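Undergrad: model the following, please.
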Amino acid sequence: MPSAQRHSTVMQFQNGYRISIVYGAGLYSRDMDGFSFKGTFDKDKALASSVEIAIFNPNNEFIPFKDGQDVKGYVTPDELADIILWTRNL
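TA: Below is the predicted model:
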């Protein structure tokens, strides 16, 4: 089975905005036991309890979060669902 230190995906909405979702070693994310990812893991079975995200506008510029940061870490599944909906409606 393939292994990796990080897993990532980018989704683009019809409005041109994109959301980057990443998790793994060295990122602001946690595994299902609440621990930081360390080293390589079986990416076919790895599940995350939180992820790191960034949002980009159609000009490929970061959209800062309420705290002024470009990247938001330790985002839970429920938070991610809300942020995806918000991004879609920009």
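Undergrad: how distant is stretch 78-90 from the center of its chain?
TA: 12 Å (Cα atoms, centre = their mean, to the nearest Å).
Undergrad: what's the separation between Leu27 and Asn15?
TA: Distance, Leu27 to Asn15, by Cβ to Cβ, to the nearest Å: 26 Å. C-betas here are computed from N, CA, C, even on glycine.
Undergrad: which of the two has more neighbours?
TA: Leu27 (21 against 12; other Cβ atoms under 10 Å).
Undergrad: that one should be in a strand, yeah?
TA: No. Under DSSP: H, G, I helix; E, B strand; the rest coil, Leu27 falls outside any strand and is assigned coil.
Undergrad: excluding its backbone neighbours, what's nearest it?
TA: Glu52 (4.7 Å; Cβ to Cβ, 6 or more residues apart in numbering).
Undergrad: dump stretch 34-45 to CSV, restricted to CA.
TA: Written as CSV, here are the backbone C-alpha positions of stretch 34-45 (Å, rounded to 0.1, in the frame of the first residue of the first chain):
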residue,chain,number,x,y,z
GLY,A,34,-6.0,13.3,18.6
PHE,A,35,-2.2,13.1,18.0
SER,A,36,-0.1,14.9,15.4
PHE,A,37,0.9,12.7,12.4
LYS,A,38,4.4,11.5,12.6
GLY,A,39,6.5,10.1,9.7
THR,A,40,4.7,8.1,7.0
PHE,A,41,1.3,6.5,7.2
ASP,A,42,-0.9,4.4,5.0
LYS,A,43,-2.8,7.1,3.2
ASP,A,44,-5.5,4.7,2.1
LYS,A,45,-6.5,4.1,5.8
